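Asker: Give the three-dimensional model of this entry:
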Amino acid sequence: MSTHRFRRTTTIAVWAVVPVLALTACGGGDDEGGDGGDVELTLAHSYTENQPQHRCGAQVIADEVENADVGVTVKLHPNSQLGGDADRISSVVSGDIDIDIQGASALGAVYEPVAVLDAAYAFDDNDHLVRFFESDDSNELLDGFKEETGVTTLGAWSAGMRQFTANEPIRTPADLEGLRMRFPASPQFLMNAKALGANATEVAYEELFLALQQGTVDGQENPIVNIDAVSLDEVQDYISMSSHQANSNLVIIGQKWDELSDEQQEALQAAVDKAVEEVPGCVDEDEQKTLAEWKDSGALKVVDDVDVEAFRTKADTYLRENFNDEQLAVYEAIRGTAE
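Answerer: The predicted model follows:
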């Protein structure tokens, strides 16, 4: 039951792989699946209930599993209820959390090469992300992740491209000079900051609004759905469409898959497949609606003439010079699937 299965869905959808899902109930398993008693699975993530990662991702997984009526329920824990990203990946490895939705950079804490999926301009766009996860190189990467951690990746989607916001336009790398830009506190994100020419300040996402409001930082970068979720348009003047990173979300699961019957395994995999299909459309719809609202209201001025090629060239040079051999191999495999 461990073969990878890739499937194109929409222009942003990524992939789904056959499985390992962890659970909280008992039952000993083997390669044929367990005896399939009633089980409740915990599914954790850091997003609000209004974001597409929850509405069209986590909630769809829970609903589809319930509708399958195979004795499995999924209990959702949004809003970092079970801890931040770094804490949750450790909990999945230990078995304290069953299913988690994570960005690749957070997973790098337990397997460094997978974080390269979040490298600046590693992917040209969301279609490029799809192509990579349909390649043999992605299978090798995820196999290494599982071998190192005991955690399997069940599926993934993109939550949109990450963009800069600040109180002034950011059109070229030179425009970042002198700005204190918030980046997440992970090695890959901090490397991205240097690659793009930014002066990184580490601030938790939950504290970002206040940090911008009080001037602790001057700007930040996030996908549009995340910017809107915490109302950053109230404390920033410009969004500069740099599209400097595909924001990955991976559905990861621990080691208790074998406690489920084959029927339960199939129902869980089908539920994640359904979410992988639905999230991209929800993200795109939310992005278009939010951008239109910002443009109409003037709450956040949209800068469309960013010199993306200047940022891309700068980032590529820095990453190639600073990645170790294993990271560079992943990066080159990703770039090898660009059109």
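Asker: what about the helices in the stretch 151-300 of the chain?
Answerer: For the stretch 151-300 of the chain, applying DSSP state H, counting those that start in this stretch gives helices covering 187-196, 208-214, 224-229, 262-297.
Asker: Okay, now the unreliable bits of this structure?
Answerer: Along the chain, segments meeting pLDDT under 70 span 1-36.
Asker: ok, 50 please
Answerer: The chain contains residues with pLDDT under 50 at 1-13, 17-31.
Asker: so where do the strands sit in it?
Answerer: Per DSSP state E, the chain carries strands over the ranges 13-16, 39-44, 72-77, 99-102, 152-166, 180-183, 199-202, 219-223, 238-253, 301-303.
Asker: Turn the helices of the stretch 151-300 of the chain into TSV, including mean neighbour count and distance to Phe123.
Answerer: In this view, the C-beta of every residue, glycine as well, is placed from N, C-alpha and C. Listed next are the helices of the stretch 151-300 of the chain as TSV, based on neighbours: other C-beta atoms under 10 Å; distance: least, C-beta to C-beta, whole Å:
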stretch	mean neighbour count	distance to Phe123
helix 187-196	22	13
helix 208-214	16	24
helix 224-229	22	17
helix 262-297	19	14
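Asker: Let me have those in TSV, extended by distance to Gln59.
Answerer: Below are the helices of the stretch 151-300 of the chain laid out as TSV (distance: least, C-beta to C-beta, whole Å):
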stretch	distance to Gln59
helix 187-196	27
helix 208-214	24
helix 224-229	15
helix 262-297	8
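Asker: can you tell me which of these comes nearest to Val114?
Answerer: With distances scored as C-beta to C-beta, the stretch of these nearest to Val114 is helix 187-196 (9.5 Å).
Asker: and the closest one with strand 219-223, angle?
Answerer: 120 degrees (axes from the mean of the first three to the mean of the last three C-alpha atoms, to 10 degrees).
Asker: what does helix 187-196 rub up against?
Answerer: By C-beta atoms under 8 Å, 6 or more residues apart in numbering, the residues outside helix 187-196 that reach it are 104-105, 108, 112, 115-116, 118-120, 173, 176, 181, 183, 199-200, 202, 244-245, 311, 314-315, 318-319, 322.
Asker: Please list only the buried members of the residues you listed.
Answerer: By neighbour count, with 16 or more other C-beta atoms under 10 Å, those hold 104-105, 108, 112, 115-116, 118-120, 173, 176, 181, 183, 200, 244-245, 311, 314-315, 318-319 as buried.
Asker: okay, now the residue nearest to Val279 when sequence neighbours are not counted: neighbour count?
Answerer: Among residues not flanking Val279 along the chain, Trp157 sits closest, at 4.2 Å (C-beta to C-beta, 6 or more residues apart in numbering). Neighbour count of Trp157, defined by other C-beta atoms under 10 Å: 33.
Asker: try Ser261
Answerer: Ser261: 20 neighbours (other C-beta under 10 Å).
Asker: Can you give me the separation between it and Leu268?
Answerer: 11 Å (C-beta to C-beta, to the nearest Å).
Asker: Ok, Asn126 next?
Answerer: The value you get for Asn126 to Leu268, if C-beta to C-beta is used, is 25 Å.
Asker: Now do the contacts for Ser80.
Answerer: Ser80 is in contact with Ala44, His45, Ser46, Arg88, Glu206, counting by C-beta under 8 Å, 6+ apart.
Asker: bridging residues for the first one?
Answerer: Going back to what we said before, that points to Ala44. His77, Asp100 (DSSP bridges).
Asker: and it, how many neighbours?
Answerer: Count around Ala44 with other C-beta under 10 Å applied: 26.
Asker: And the second one, by the same measure?
Answerer: His45 is surrounded by 25 other residues when neighbours are defined as other C-beta under 10 Å.
Asker: Give me the nearest residue to it, chain neighbours excluded.
Answerer: His45 sits nearest to Ile101 (C-beta to C-beta, 6+ apart), 3.9 Å away.
Asker: and the one you found, what is it in contact with?
Answerer: Ile101 touches Leu43, Ala44, His45, Ser46, Tyr47, Gln53, Gly57, Ala58, Asn249, Leu250, Val251, Ile252, counting by C-beta under 8 Å, 6+ apart.
Asker: Repeat the analysis, applying 7 Å as the threshold.
Answerer: His45, Gln53, Gly57, Ala58, Asn249, Val251 (C-beta atoms under 7 Å, 6 or more residues apart in numbering).
Asker: for those residues, which one is nearest Asp237?
Answerer: For the contacts of Ile101, the closest approach to Asp237 (C-beta to C-beta) belongs to Gln53, at 26.6 Å.
Asker: is it true that Leu179 touches Thr165?
Answerer: No: applying C-beta atoms under 7 Å as the test, Leu179 and Thr165 come out as separate, 10.8 Å apart.
Asker: From Gln81, how far out is Tyr48?
Answerer: Not Tyr; residue 48 is Thr. 11 Å.
Asker: swap that for Glu66, sorry
Answerer: Counting by C-beta to C-beta - Glu66 and Gln81 are separated by 20 Å.
Asker: And Phe209, by the same measure?
Answerer: Phe209 is 19 Å from Gln81, by C-beta to C-beta.
Asker: ok, now which ones touch Glu148?
Answerer: Tyr111.
Asker: that older thread, and for Leu179 and Thr165, which residues touch both?
Answerer: Gly219.
Asker: So for these two, which residue has more residues nearby?
Answerer: Using other C-beta under 10 Å as the criterion, Leu179 and Thr165 rank with Thr165 on top: 25 against 17.
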